[in-house]
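Peer 1: Have a look; sequence and predicted model below, questions after that.
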Amino acid sequence: MYTPMFQIHTSVWPSEVKSNQEYLSKDSSHQFYALPEDPRSWSREEVFVWLLSMQNQHSLPPISSDRFHMNGKALCLMNVEMFVQRVPLGGKLLYKDFQMRLSSALYSSKNLLPHHTQ
């Protein structure tokens, strides 16, 4: 029998997650939970929220939370093949989205650094 992904997730982090409705509405285009802009700061729970939102947004098959039991820093160490190995149908999409978020965060943090003039 099919086990909804969120039930798998709550068994992994039962004390920190209350309900699926806390994170995403039934219309997946409206998120109640805003992820931090910099994916390097994501907790394991925020990685799961990102995966769930990507799954809903792109109609991907269910993604097992066991395959991504890691925080944002660990995701940064993964290459495209590692994403595809974990999610054969959608791994490239996940990798591209994550890299775009990471690039955006890196670019915006560079703009915050003071410029030195000589």
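Peer 2: Nice, thanks for sending it over. Residues are numbered from 1 along each chain as shown.

Peer 1: residues in contact with residue 105?
Peer 2: Shown in contact with residue 105 (C-beta atoms under 8 Å, 6 or more residues apart in numbering): 37, 38, 39, 40. Quick note: C-beta positions are derived from backbone N, CA and C, even for glycine.

Peer 1: Next, find the distance separating the first one from residue 100.
Peer 2: Separation of residue 37 from residue 100 (C-beta to C-beta, to the nearest Å): 12 Å.

Peer 1: One more: the second one?
Peer 2: Between residue 38 and residue 100 the distance, using C-beta to C-beta, works out to 13 Å.

Peer 1: Among the two, which residue is more densely surrounded?
Peer 2: Remark: of residue 38 and residue 100, residue 38 carries more neighbours, 15 against 11, as counted by other C-beta atoms under 10 Å.

Peer 1: Quick check: pLDDT value at the nearest residue in space to the more buried one that is not next to it in sequence.
Peer 2: Closest residue to residue 38 apart from its sequence neighbours, by C-beta to C-beta, 6 or more residues apart in numbering: residue 105 at 3.9 Å. Per-residue pLDDT puts residue 105 at 94.

Peer 1: so when I look at residue 105, I'm seeing a helix, right?
Peer 2: Yes. Read with DSSP: H, G, I helix; E, B strand; the rest coil, residue 105 is one of the residues of a helix.

Peer 1: anything in contact with each of residue 38 and residue 100?
Peer 2: Counting by C-beta under 8 Å, 6+ apart, nothing touches both residue 38 and residue 100.
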